[in-house]
Every structure is written in C-alpha cells, then in structure tokens.
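K.L.:
sharing a model that was predicted from the sequence below.
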Amino acid sequence: MVPTAEHFDVVVIGGGPGGYAAALYGAAAGLRVAMIEKDKVGGTCLHRGCIPAKELLETASVFRSVGDAERFGVKAGGAELDFGVTMARKQQVVDQLHKGLSGLVKSRKITVFAGTGTLGPDHAVTVSGGDETAEITGDHVVLAAGSVARTIGGFEVDGSIVLTSDEVFELSELPKRVAVIGGGAIGCEFASMMADLGCEVTVLEALPQILPGVDADVVPVVRKAFKDRGITVRTGVQVTGHDPHQGGTTVRLGDGETLDVEAVVVSVGRRPLSESLGLDGTGVKVDERGFVVVDEYCRTGEDGVFAVGDLIATPGLAHVAFAEAIVAVKQILGETAVPVDHAKVAWCIYCHPEVAFAGYSEAAAKEAGYEVVTSKHRWAGNSRALIIGETDGIVKVIAEKRPDGTGGRVLGVHMAGPWVTEQLGQGYLAVNWEATVAEIAHFIQPHPSLSENFGETVLTLTGRGLHG
Ligand SMILES: Cc1cc2nc3c(=O)[nH]c(=O)nc-3n(C[C@H](O)[C@H](O)[C@H](O)COP(=O)(O)OP(=O)(O)OC[C@H]3O[C@@H](n4cnc5c(N)ncnc54)[C@H](O)[C@@H]3O)c2cc1C
C-alpha cells in the first residue's frame, strides 16, 4: 500500500485523455507522477465517448456496405444485425485499449490511486471514496476531472426510455423509433448510426440548423444524406416534456405537436465536473457554468495548479485535452510552452457522410473581417470516390483574397464525404502552418486517391485548376 502524505512532482486528478496525457508526458520526461481516477483510466473518451461511438458507427458502415453490395455485383443476401455481437465487439475494442493504456501507465511507473481526488490548500490532495484513502501532495497539480452529459428538465434519465450517450452504449437492443434531442456532433453521430442499424430516427434541434459551427455549404450535404436514409431532421423546435406509456413515450414539442417513440436520446452537450474537485481554500476559480477558469497556458488562479480538457471552457475534444496536457507539463518542466490555438483545432464528426474541418468557415472568416475567396469541389469528379461508390459531399477551402483575386493564406478547410476525418490532416496543417494556396499547390497528391480532391480544390484557388 502507498504510504499517506506521499509527495510527487505532479499530482493529476482525473484519468481521462487530459489526465492520462499529462501523466504519460510528465513521466516520459522523468517526473514522478501520481494520477487519481474515481472510475476507469481512459475516461469518457475511451469508455463512454469517442471509442465506443466510433466502433458502433463502424458496425453501421459495415451493415450499410453489405446492404449496398449488390451494386458491385456482390450478392450478400439479406443482411441481418446481431446486436449482441455488435455490442460485444464494441466492448472488446474498449477493453483492449483500456488494457493497453493501463499497461503503459504502469510501465511509466505512474502511481495510480483509485478514488476521488479533492484539492485543498498548499497542493494537498485527498483521495477518498474508492479503494484507497490517502493524503498526497505535489509540487504541481493538474486538474482533469472532465465532464458529464447534460440533461434537460422534464427528461429524467432512466436508462430505458430516456437515455444519454452513456446509456446508449449499454443498450441490449435498439429501439425501433427514437428521438435524438440535439443535432450537434454527438447527436448526429447517434442519429446516423441508429438509422443505419434500422431505427426510425427523428432529430429535434432547437437552433435553426444542425451542426452549429459547420460551414453553410457542408450542413446541407449531411441533411440531404440523412433525408435519403429516412432520418427526419426538425430544426427550430423545442421539446417541452414527454408522457411515458407502455412501450415508449410521447414527446411534446413547443409547437403543440407530439412525437411517439420508444426511446429518447438526450444529446444536448456536456457540463464540466468541477464540483468533484473540492477546491476549498485554493485560488482555483470556477465560472458560473462550472468551468475551471484558466489562462491560455492552462494556469488556474492557484500557483502551480493547471486545468485541462473538458473541465475548462475550450473545445470538448480528446485531442484538445491531449494538447492542453502537454502545454501544462511543458511549463512544469520549465520548457517553453506554446498555447493551443483553439480557433484552429481539428473537428471531426463521424456520421455518414463524415464531416471534418479546421479553421474559419466562410461566414466566420467574413465576420472576422477577411476578404476571402473559396473553392468547392464535389466528390462526383474524384476517381477514388466513384470507385468506392461514395460521392456525396464536398471539399471547400477558404483563403484570403489576394489583390489579383487568387487565393493567399488558407483560413479554413471544411469537408464532408468519404473518410474526410482521415483526410483532414493536410487541411489542419495548412491552416495552422498558415500556408498559402501557392505553397500547398506545389505538393503532389497520390492518384487515384480521395486526397486529390483537397489538392484540386487548392489548385483551383491559384486560378489554374486541372479538373474543374
Ligand atoms: C458520445 C461521445 C463521443 C465523443 N466523440 C469524440 C470524438 O470522436 N473525438 C473527440 O476528440 N472527442 C470526442 N468526445 C469528447 C471526449 O470524450 C472528451 O473531450 C474527452 O474525454 C475529455 O477528456 P478529459 O480528460 O478532459 O475528461 P474525461 O474523459 O471526462 O475524463 C475525466 C476523468 O476524470 C475522472 N474524475 C472526475 N472527477 C474526479 C475526481 N475528483 N477524482 C478522480 N477522478 C475524477 C472521471 O471519472 C473521468 O475518468 C466524445 C464524447 C462523447 C460523450
């Protein structure tokens, strides 16, 4: 058993992407690290987020492909879904990654405490409520308590009729008719996955459009694809409550209409879990929404205490949490840290068709005062897209307008279509390296490949496209 009041170079509270990245990066640099986790190392992302969601979306993709196989001359017969096997495979992937991560944490000699960590004055951290009780201290502390699903009034989560993302990953069978409340990234991923697996899906979004922040030329691509697959999307609609009945519930909508479904998936964002952290007697401030207040270097109001990931008011993405953890640890090591440019991070939404973007949308660039030129290329002209039979979507590049009307610095890259989440890398680098259209156009894309569409879109902005 670890003795109490043990001292570490760094104490990390929370073992999700933010916490474990801080722990692994610090330990790799020779720091003595403690990490406290009240549930399972890996956090939301590994156990209730990115990984299980993408695994189920992959099953949806396989099922869709099999159903579509005849157009390739492949007679696959009547495809059927064995949801038990689907969920078992999802869990297998999660468990394997969990095992790998736990092994890595052990091999870096990070001391893991199972319990809830609370921070008091003088960097003293109490571990309680779990297998271990301990008082430990650290020269530095990284807060990484993450977030939980938000809920809405009148929709008490019961795990059978009203679900959040957490409960969807525990289903033993799929509801036949489902309402997804919230048309953000997570809502659209669930809608897409459930529709592909045979559910009748209605997305209910209070805002005028689904996928807020996504370029106005990209959103209609998703809406059309959803419509073609039988997903109903209703925007500008409030839900006011629901009336459960045998076998489901009737959702009441603000316009007086109702919707009868077997289950409701509430997908209205996430809230930070700062209340689990104590913080009494410390200089750490929490804002009115529950986010821990930090500066651009992830420093809290208490000297030597950092906060990263979903706990702070930055994009709620695992890779952002990783990057913030590195910023924090570099400072702990006395190295130069470059703040994360949150306006230019990569966003990937794994619905079908996929959406991926980095940097300004056209509207946001104009709002920021840029004079812009844009180029849009559809997938229908891309050979690889035709070969794989996935031609829905576009690649759009937004660049600063030069005096001669051609494109200068790339401000944003927005895509919808086949495997765009894997293709965004080039666009992300272009935006963040502040590359110009001419510089990128110099580089070659492999042929035939989906990435040629990005190359072609950029080439067009030089004023001399090859294929359109
Ligand atoms: C359905 C879904 C899909 C998603 N898909 C993606 C995606 O595709 N890509 C992407 O980048 N992001 C995705 N996300 C978001 C991503 O999961 C989060 O941004 C990420 O997990 C944040 O990491 P974190 O370490 O800040 O917090 P978390 O992952 O929430 O981890 C925090 C950890 O701290 C622990 N903890 C909390 N308080 C304490 C305490 N006081 N003491 C000890 N332990 C504590 C918790 O148990 C938890 O394990 C998705 C999220 C959801 C819900």
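P.N.:
Noted; the coordinates are in hand.

K.L.:
state the distance from the closest residue to residue 360 other than its chain neighbours to residue 99.
P.N.:
Beyond its immediate neighbours in the sequence, the residue positioned closest to residue 360 (CB to CB, 6 or more residues apart in numbering) is residue 412, lying 3.9 Å away. C-beta coordinates here come from the backbone N, C-alpha and C atoms, glycine included. Distance of residue 412 to residue 99, given as CB to CB, to the nearest Å: 39 Å.

K.L.:
next: residue 308.
P.N.:
As for residue 308, its distance to residue 99 is 24 Å (criterion: CB to CB).

K.L.:
between the two, who's got more neighbours?
P.N.:
The residue with more neighbours, out of residue 308 and residue 99, is residue 308; 34 against 10, by other CB atoms under 10 Å.

K.L.:
that one reaches residue 18, doesn't it?
P.N.:
Yes. In terms of CB atoms under 8 Å, residue 308 counts as a neighbour of residue 18; the distance is 4.1 Å.

K.L.:
show me what contacts the residue in the stretch 351-468 of the chain that the ligand sits nearest to?
P.N.:
The minimum distance from the stretch 351-468 of the chain to the ligand, using CB to the nearest ligand atom, falls at residue 421 (8.4 Å). For residue 421, the contacting residues are 348-350, 354, 356, by CB atoms under 8 Å, 6 or more residues apart in numbering.

K.L.:
per-domain residue ranges of this structure.
P.N.:
Segmentation of the chain into domains, based on automatic domain parsing, reads 6-149+271-342, 162-268, 353-461.

K.L.:
okay, these in a markdown table with mean pLDDT next?
P.N.:
As requested, these are exported to a markdown table (pLDDT from 0 to 100):
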| stretch | mean pLDDT |
| --- | --- |
| domain 6-149+271-342 | 97 |
| domain 162-268 | 97 |
| domain 353-461 | 97 |
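
K.L.:
tell me where the stretch 101-250 of the chain has strands.
P.N.:
Shown for the stretch 101-250 of the chain, the strands assigned by DSSP state E, counting those that start in this stretch span residues 111-114, 116-119, 124-128, 134-143, 147-149, 162-163, 177-181, 200-205, 232-235, 239-245, 248-253.

K.L.:
dump those strands to CSV, plus distance to the ligand.
P.N.:
Shown next, in CSV, are the strands of the stretch 101-250 of the chain (distance: least, CB to the nearest ligand atom, whole Å):
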stretch, distance to the ligand
strand 111-114, 8
strand 116-119, 4
strand 124-128, 8
strand 134-143, 9
strand 147-149, 5
strand 162-163, 11
strand 177-181, 12
strand 200-205, 15
strand 232-235, 19
strand 239-245, 20
strand 248-253, 21
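
K.L.:
so which of these comes closest to residue 298?
P.N.:
Judged by CB to CB, the one of those that comes nearest to residue 298 is strand 134-143, at 8.4 Å.

K.L.:
ok so, going back, among the contacts of residue 421, give me the pair with the biggest separation.
P.N.:
The widest separation within the contacts of residue 421, taken as CB to CB, falls between 350 and 356 and amounts to 9.1 Å.

K.L.:
neighbour count winner among these two?
P.N.:
Between residue 350 and residue 356, counting by other CB under 10 Å, residue 356 is the more crowded of the two (26 against 23).

K.L.:
just to be sure, the more buried one is in a helix?
P.N.:
No. Under DSSP: H, G, I helix; E, B strand; the rest coil, residue 356 falls outside any helix and is assigned strand.

K.L.:
which residues sit in contact with it?
P.N.:
Contacts for residue 356 (CB under 8 Å, 6+ apart) come out as 346-349, 414-416, 420-421, 423-424, 427.

K.L.:
repeat the analysis, applying 10 Å as the threshold.
P.N.:
214, 218, 346-350, 395, 413-417, 419-425, 427-428 (CB atoms under 10 Å, 6 or more residues apart in numbering).

K.L.:
check residue 379 too.
P.N.:
By CB under 10 Å, 6+ apart, the residues touching residue 379 are 221, 353, 385-386, 388, 390-395, 415-418, 420, 450, 453.

K.L.:
noted, bye for now.
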